[in-house]
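> Here is the input, now give the coordinates:
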Amino acid sequence: MDQGESKKPIELLEELVRVCKDRSRTAALFHDNLQDLWPTLQGASSHSLPKLQLLQEQRILLASSQHPQRLIQKIEELKDAGVQGIDRYIWLVGQIISEPSLKELLSKDQGPEPSLDQDIAEPRTPDFSGYASSELDESLPSKKMREAENIFKSVPGSSQRRLSIDDGGQAGSASWISIRSEKILDVPKSLIEGVSYPATPRWNIDRPYLTGQLFPQSSTPNSTRRSPTSKSIHLEKEANSHRETIKPLSSFSPYVQELLVIEDLLSAIVGIEGKYVFARRGWHKEGNSFSYQLDPTLDASLSDLAKRILPLCENYVVVSQFAEARSHFKHGLVNHAFAAALRAILQDYHAMTAQLEHQYRLGRLSLQGLWFFCQPMVAAMQVLSTAVQRAIVQHASGATMLNLLQKQAIAMAGDNSARSLLQKLIHAASTPYFRILERWVYEGVIDDPYGEFLINENKSLQKESLSQDYYATYWQQRYSLRQEIPGFITSYAKTILTTGKYLNAMRECGHIVQVPSGENGPSSSGHAQQQVLERINVAHDFASAELLNLIKNKFDLIGRLRSIKHYFFVDQGDFLVHFMDTAKDELTRKPSAMSVEKLQSLLELALRTSVAASDPYHEDLTCSIEELSLMTQLHNIVRNGTVTSQHTGPTESANAPGLASGSTTGLETFTLEYKVKWPLSLVVSRKALTKYQLIFRHIFHCKHVERQLCATWQKHQSTVRTVNTLGTAISRSYVVCQRMLHFLQTFQHYMTFEVLEPNWHIMHGQLLNAKSIDEVMQHHDAFLEKCLRQCTLLWPQILKKVDKLKFICLKYATATQWLIPALFRQNENFQQSSSTNNKSKKGYKERRGRIEYPMHARQAAEDSNFKMTIGKIDEEFFKELKLLVVLLSNVSQSEPCLAHLAQGLQGVA
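All right, here's what the predicted structure looks like:
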């Protein structure tokens, strides 16, 4: 045991006070001097003080206190809060109280003696634990620290009696402590909006000497400065007056001056002020909030040499404080890695400083030698300081930080050492970024707790929306690229995005795959970004092929599309004929009076009794009733970008012939539905299915009009068999009916055999040769767009003319089916009597199935009202058909396919 350890505790305390008695505020420096004496003092106390003696010291405190009950309550609260070192503190104060000489010494230059309960309640224990040995727990849980802080605040006078030491360890300045305290109490804000992060432990903030926060520094040079208070001005004046008491350098010889300056410079190199090298607070031209200055009385030659080292000291403080600040949780993984790389560099820097100090202690270091050894670090520290200050100004994190370092490295292309240093920092800072990238391209998972990755995940979008929402953006916006992307992967950003999307889609299907990777994965060492990018391409090709194979084979994409084609394009239309025959009465009702359940049962019956029964997916077909007619729905899509609407405005009603009289029925609003599950909903989404429905409704309504004209044609045939209508209005009506049928059949033939079938075969071949699911989606969407356009659904003027012609056809069919029976109803009695009296007179014409009625039937066939009605309808139809042919001819210049339709309709017109 050495001499210090053999001393009694009382002697140690007396020695401590003697060391402090020449200083201005002895009690405030009590903790600082314990840094050297506390280990010995602790050893003495731990060996000589049993638990019983500690209780005795506590009784002494309680007896001396004016408020013993409150004092013991505070002691218990501090112990419950987990604050360490309370027993040792009680013992020290008890020793001081029991020795009047010590009490008198400590009271010098202190003014009135404070109350004992305030002494005990003063929150100095965390500082003791910082200087004590490893027995004390320095990593207290943040919850307990907050409880302790609240206890400290509740002690009277504790806010006024803070530990007051200035940045250089001298008495008289507490300005930086007040600034730090205010920052601690602020609620930290995340750099990334919406990203949460763990709270920084208070011990990481409260100890500036352990964390390198020796000088207050503003985040940006242009930030608002805190106005000086009277207390800070007083403390600054006190610090200046203290420096004035120091003996100036001019009173020493140049040799002694050099030794004193070297000692202070060695401290300043690691950010600690000295007697003759001190920091000045204020705004520096480089953006620092302080600058180092030399004693103005220093010898000129020494001053010039020493000033060359000062930038190194200033840059070190900037880099050191940045490394400490960016280690906090809220700054993200890239900043954490960057700060760790800076600390590794500073560790070598500290080793160099320790070696220089060792040489100085041996008397082998001159100021010129110090500059010689520091010179290599000056440029490197300047590079680091420049990068750090730019990061502070831009609040850089994530990709912004990586791009900033990369730009800085490019700017330093002429300096090999600086560029090499920055490249090492880039590699270190990008390591966590590449780890996130690795999980994304190999698993389809974003492990990005701070929102730094180039891909943003919108968790509010769910895959179920693809089959429900017309404008679902799940595939496009569930995972999207951020604006800020690291420059070295910008060209591969879309490849990275799609690779993870494919893997995520397979994972959503429960299909887990193992992506082939390199030996070390994308985050491996680095000389190779090129190798990393090659691995990304390999992962993309594998994920693309695997997802495409899954959808084509396991989920039978081609079979599903073929099934949809059978029903929505009516290429096997026997089920539709059966359905329209059985559901005729239900479809003629208004949409509000229709029963979807009844229509569904009739549709299932039609499917089972037709060729559609052989389709393995026919059970996924259902029916539904739209709220609007086809024309109104298309009008809303083009004008408002919406699919349905609750009401129809006056303009829409006027432009839609079927809605002009409010006579919309189920024939105009009926459509088919198809159940599509994930992942087929990526291809057959709600938007794609809506396009299929628009084509089906167009074809379905044409089929309905054709059926009505066929019924009219049957009426004409029955009339021609019974009455000689040659040269009558009925004969003209028959010609009009044939013309209308020819128009509808030509139009349907064009849509089915010249548009839908050829485009389907083209798309089918493209899907078989597709390399990715994105190509499949593009080909499918292009197919539907082309079909809509060539079927005139995206040409409003042409579609309006076609709809008008169909409306005229329906008006004609309705009028004819009602008028022809009405004309001959008055001759029924005559026909019955005539057939009874003339049974024996049947001749050649009767055997041909034709009865020659008297002149009354002929006159009925030549009814003037019927003749006038048919004439008006014929003229209107012919006029609209001519206009349609002209429109088709004009549009065929941009859509050549419509030229075939125009040529087919010219024969009718």
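
> C-alpha only now, for contacts and for neighbours.
Noted.

> check contacts around the nearest residue to F569 once chain neighbours are set aside.
Using C-alpha to C-alpha, 6 or more residues apart in numbering and skipping the chain neighbours, the partner closest in space to F569 is F696 (6.0 Å). The contact partners of F696, by C-alpha atoms under 8 Å, 6 or more residues apart in numbering, come to F568, F569, V570, T671, L672.

> Quick check: strands, which of these are part of them?
Judged by DSSP state E, the subset of those located in strands is T671, L672.

> Which pLDDT does the model give the nearest residue to D299 once chain neighbours are set aside?
Computed as C-alpha to C-alpha, 6+ apart, the closest residue to D299 that is not its neighbour in sequence is P254, at 6.7 Å. Among the per-residue scores, P254 holds a pLDDT of 89.

> How about stretch 617-633, which residues are buried there?
Using 16 or more other C-alpha atoms under 10 Å as the burial criterion, the residues of stretch 617-633 that qualify are 618, 621-633.

> about what we covered before: least confident pick among the contacts of F696?
Ranking those by pLDDT, V570 lands last with 90.

> And stretch 463-473, what's buried?
Buried residues in stretch 463-473, counting neighbours by 16+ other C-alpha under 10 Å, are found at K463, S465, L466, S467, Y470, A472.

> Next, the distance between the ends of it.
Its start and end residues considered, stretch 463-473 measures 9 Å (C-alpha to C-alpha, to the nearest Å).

> Name the residues that touch it?
Outside stretch 463-473, the residues that touch it by C-alpha under 8 Å, 6+ apart are 461, 474, 643, 676-678, 681-682, 684-687, 690.

> May I see those residues organised as TSV, with pLDDT added?
Putting the contacts of stretch 463-473 into TSV (pLDDT from 0 to 100) gives the following:
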residue	pLDDT
L461	83
Y474	84
V643	46
V676	91
K677	90
W678	89
S681	90
L682	91
V684	92
S685	90
R686	89
K687	89
T690	91
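
> could you flag which of those residues are buried?
The neighbour-count test (16+ other C-alpha under 10 Å) applied to the contacts of stretch 463-473 identifies L461, Y474, V643, V676, W678, S681, L682, V684, S685, R686, K687, T690 as buried.

> Return the residues in contact with Q368.
With the criterion set at C-alpha under 8 Å, 6+ apart, Q368 makes contact with L305.

> what's the pLDDT at it?
So Q368 comes in at 93 (pLDDT).

> Now do it against P311, distance only.
Q368 is 16 Å from P311, by C-alpha to C-alpha.

> so is T664 in a helix, a strand, or just coil?
The three-state label given to T664 by DSSP: H, G, I helix; E, B strand; the rest coil is coil.

> ok, which stretches of the stretch 401-550 of the chain are strands?
For the stretch 401-550 of the chain, the strands defined by DSSP state E, counting those that start in this stretch occupy 455-457, 479-481.

> other SSEs contacting the first one?
Applying 3 or more C-alpha pairs under 8 Å, 6 or more residues apart in numbering; DSSP states H and E, one finds that strand 455-457 makes contact with strand 479-481.

> what's the pLDDT at the residue nearest to K715 when sequence neighbours are not counted?
Of all residues beyond its chain neighbours, the one nearest K715 is Q817 (6.9 Å), with distances taken as C-alpha to C-alpha, 6+ apart. pLDDT, the model's per-residue confidence, is 78 for Q817.

> picking that back up, which of the contacts of F696 count as buried?
If you count burial by 16+ other C-alpha under 10 Å, the buried members of the contacts of F696 come out as F568, F569, V570, T671, L672.

> Okay, the third one and W440: tell me how far apart.
This means V570. Look at V570 and W440: by C-alpha to C-alpha, they are 44 Å apart.

> can you check the second one too?
Distance, F569 to W440, using C-alpha to C-alpha: 41 Å.

> any residues touching stretch 876-887, and which ones?
I798, K801, V802, K804, L805, I808, C809, A902, L905, Q906, A909.

> follow-up on the earlier one: packing partners of the helix or strand containing the residue nearest to K715?
Here Q817 sits within helix 796-825, counting by DSSP states H and E. Using 3+ C-alpha pairs under 8 Å, 6+ apart as the contact criterion, the elements in contact with helix 796-825 are helix 686-722, helix 855-861, helix 864-891.

> In CSV, list the C-alpha atoms belonging to stretch 256-263.
Output in CSV follows, covering the C-alpha atoms of stretch 256-263 (Å, rounded to 0.1, in the frame of the first residue of the first chain):
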residue,chain,number,x,y,z
VAL,A,256,9.6,28.7,-20.8
GLN,A,257,7.0,30.3,-23.1
GLU,A,258,7.4,27.5,-25.6
LEU,A,259,7.0,24.8,-22.8
LEU,A,260,3.9,26.5,-21.5
VAL,A,261,2.3,26.9,-24.9
ILE,A,262,3.1,23.3,-25.9
GLU,A,263,1.4,22.1,-22.7
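
> got the contact list for that stretch?
Residues from elsewhere that reach stretch 256-263 (C-alpha under 8 Å, 6+ apart): L249, S250, Y276, V277, L298, D299, L302, A306, Y360, S366, L367, L370.

> can we see that at 10 Å?
With contact meaning C-alpha atoms under 10 Å, 6 or more residues apart in numbering, stretch 256-263 is reached by 248-252, 254, 264-265, 267-268, 274-277, 294-295, 297-299, 302-303, 306, 356-357, 360-361, 363, 365-368, 370.

> before we move on, back to that, if you compare the helices and strands packed on helix 796-825, which one is most tucked away?
When these are scored by mean count of other C-alpha atoms under 10 Å, the highest mean neighbour count falls to helix 686-722 (a mean of 19).

> Give the other helices and strands that the helix or strand just after it contacts.
Tracing the chain C-terminally past helix 686-722 and defining elements by DSSP H and E, one meets helix 729-749 next. Contacting helix 729-749 under the criterion 3 or more C-alpha pairs under 10 Å, 6 or more residues apart in numbering; DSSP states H and E are the following elements: helix 686-722, helix 796-825, helix 855-861, helix 864-891, helix 897-906.

> May I have helix 729-749 exported as PDB, CA atoms only?
What follows is the C-alpha trace of helix 729-749 in PDB, where atoms were taken according to Å, rounded to 0.1, in the frame of the first residue of the first chain:
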ATOM      1  CA  ALA A 729     -96.300   0.300 -95.400                       C
ATOM      2  CA  ILE A 730     -95.600  -3.100 -93.900                       C
ATOM      3  CA  SER A 731     -93.400  -3.900 -96.900                       C
ATOM      4  CA  ARG A 732     -91.400  -0.700 -96.300                       C
ATOM      5  CA  SER A 733     -91.200  -1.600 -92.500                       C
ATOM      6  CA  TYR A 734     -89.800  -5.000 -93.500                       C
ATOM      7  CA  VAL A 735     -87.000  -3.300 -95.500                       C
ATOM      8  CA  VAL A 736     -86.200  -0.900 -92.500                       C
ATOM      9  CA  CYS A 737     -86.000  -3.900 -90.200                       C
ATOM     10  CA  GLN A 738     -83.600  -5.700 -92.500                       C
ATOM     11  CA  ARG A 739     -81.400  -2.600 -92.700                       C
ATOM     12  CA  MET A 740     -81.300  -2.200 -88.900                       C
ATOM     13  CA  LEU A 741     -80.400  -5.900 -88.500                       C
ATOM     14  CA  HIS A 742     -77.700  -5.600 -91.000                       C
ATOM     15  CA  PHE A 743     -76.300  -2.600 -89.100                       C
ATOM     16  CA  LEU A 744     -76.200  -4.300 -85.700                       C
ATOM     17  CA  GLN A 745     -74.800  -7.600 -87.100                       C
ATOM     18  CA  THR A 746     -72.100  -5.700 -89.000                       C
ATOM     19  CA  PHE A 747     -71.200  -3.700 -85.800                       C
ATOM     20  CA  GLN A 748     -71.100  -6.900 -83.600                       C
ATOM     21  CA  HIS A 749     -69.100  -8.800 -86.200                       C
END
